[in-house]
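Asks: Have a look at this prediction, sequence included:
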Amino acid sequence: MTPKDTVEEFLRIIMIPDPEGARAFVSADLRIRFTGAREMQDPAQCTAFNRSRYAWVKKRFEQTDTVATGSADADAIVYNIGTLYGEWLDGTPFEGNRYVDRYVVRNGKIVQMDVWNDSAERLLQRAGLCEPWEIRS
């Protein structure tokens, strides 16, 4: 399995959500950082965090890019880019929420995962704490 395949299958399984199944793709010393510098060590923590923010959420992959840093895919950095869609906790649907995930894959296992997305900005807008951004020409 290539590093790209490892990341995409991990994401498919964790978005079910199936954190138990997702553990097969990560190392025992996994380091996770979610948006806002939230530190985690286990896929179940990702699922718990998502449950605190969304009724449900899925990822729509737009592209996955691999940068080899070692020999024969032993070490690679994988970027998965796309959009989130789902429902906020109050049942309001959303889509088009941009995300970028960065993974370090070593010897076939994910050892590091960094997650960035627009959810916090969207929640601020929903709460009336900031204005929506408009591109002006």
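Replies: In hand now; what should we look at?
Asks: Could I get the full set of helices for the chain?
Replies: In the chain, the helices defined using DSSP state H lie at 3-14, 19-22, 43-53, 119-126.
Asks: So for the longest one, mean pLDDT?
Replies: On average, the pLDDT along helix 3-14 is 97.
Asks: Over to the last one?
Replies: Averaging pLDDT along helix 119-126 gives 86.
Asks: For residue 98, which of the helices of the chain is the nearest?
Replies: Proximity to residue 98 (CB to CB) singles out helix 119-126 among the helices of the chain, at 9.6 Å. Using the backbone N, CA and C atoms, a C-beta is placed for each residue, glycine as well.
Asks: Check which residues of the closest one are buried.
Replies: Within helix 119-126, the residues that count as buried by 16 or more other CB atoms under 10 Å are 119, 121-122.
Asks: can you check stretch 83-103 too?
Replies: Buried residues in stretch 83-103, counting neighbours by 16+ other CB under 10 Å, are found at 83-86, 88, 94, 97, 99, 101-103.
Asks: Need the residues that contact that stretch.
Replies: 3, 7, 11, 53-60, 62, 77-82, 110, 112-119, 122-123, 126 (CB atoms under 8 Å, 6 or more residues apart in numbering).
Asks: Just the buried residues of the residues you listed.
Replies: For the contacts of stretch 83-103, buried by 16+ other CB under 10 Å: 3, 7, 11, 54, 57-59, 78-80, 82, 110, 112-115, 117-119, 122.
Asks: Just the ones of those residues in strands?
Replies: 54, 57-59, 78-80, 82, 110, 112-115, 117 (DSSP state E).
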